[in-house]
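> let's see this in three dimensions:
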Amino acid sequence: MSRIRITFIALLSGALAAACGSPTANQMETAHPMPTEQTMTTDQQNRAAFHNILDKALNGHDPNVLDTALTPDSVDHDLPPGTPRGPAGTKAKLGAFIAAFPDLHFTFEDEVYQGDKVSGRGYFTGTHKGTFNGIPATGKQVKVRFMDLWRFENGKLAEYWGQPDVLGLLQQIGAIPTT
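Numbers count the residues shown, from 1 in each chain. Next up is the predicted model:
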């Protein structure tokens, strides 16, 4: 198709859109701009921060992402007593999980965003190839369901509550009988 014909078709479609009251591509872009960090709602900011942690730290196996994704005094309510607050404690927990389950992968089946909180339901999978809480590697694959609640401050994770099916995990790796 010649350049003149393409230009004519583009002009004609713009003229038709204007005559019919339909917005042009430029008008639509101006009327509905893509959200930027300054125009994002709190829910959108928290969704972006949540998925950054999920994609890069948890599923990307990079605990160092937590240094900038968590507030300096963040609280992980799932940590054992005596574990440090802030990114250091959460990084230690994630590092231990990755060492025990090197193919660890988190899947969220439901996510709910409201105000400063994100809640989710899902599961993680992995193969028990390293020591987990003193239990030597078994080579068994696991699928463990969980429910989480995350609280954000200024786009950073400030608090975390997790309820994984620990009994199911221990049964799947053979540490506790299933009956």
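
> can you give the domain ranges for this protein?
Domain assignment of the chain by automatic domain parsing yields the ranges 1-32, 42-172.

> the longest strand in this protein is where?
Among the segments of the chain that qualify as a strand by DSSP state E, the longest is strand 141-153.

> let me know the pLDDT of residue 24.
As summarised for this prediction, residue 24 has a pLDDT of 44.

> what's near enough to touch residue 141?
Residues in contact with residue 141 (CB atoms under 8 Å, 6 or more residues apart in numbering) are 125-128, 172. Where C-beta positions appear, they are placed from N, C-alpha and C, glycine not excepted.

> then residue 88?
Counting by CB under 8 Å, 6+ apart, residue 88 makes contact with nothing.

> how about the helix or strand hosting it: buried residues?
Per DSSP states H and E: residue 88 is located in helix 87-100. Using 16 or more other CB atoms under 10 Å as the test for burial, helix 87-100 gives 87-94, 97-98, 100.

> distance to residue 178 for the residues you listed - can I get that in a markdown table?
Below are the buried residues of helix 87-100 laid out as a markdown table (distance: CB to CB, whole Å):
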| residue | distance to residue 178 |
| --- | --- |
| 87 | 36 |
| 88 | 36 |
| 89 | 32 |
| 90 | 31 |
| 91 | 33 |
| 92 | 30 |
| 93 | 26 |
| 94 | 28 |
| 97 | 22 |
| 98 | 26 |
| 100 | 20 |
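
> quick one, helices of the chain?
3-19, 25-31, 42-52, 66-69, 87-100, 166-172 (DSSP state H).
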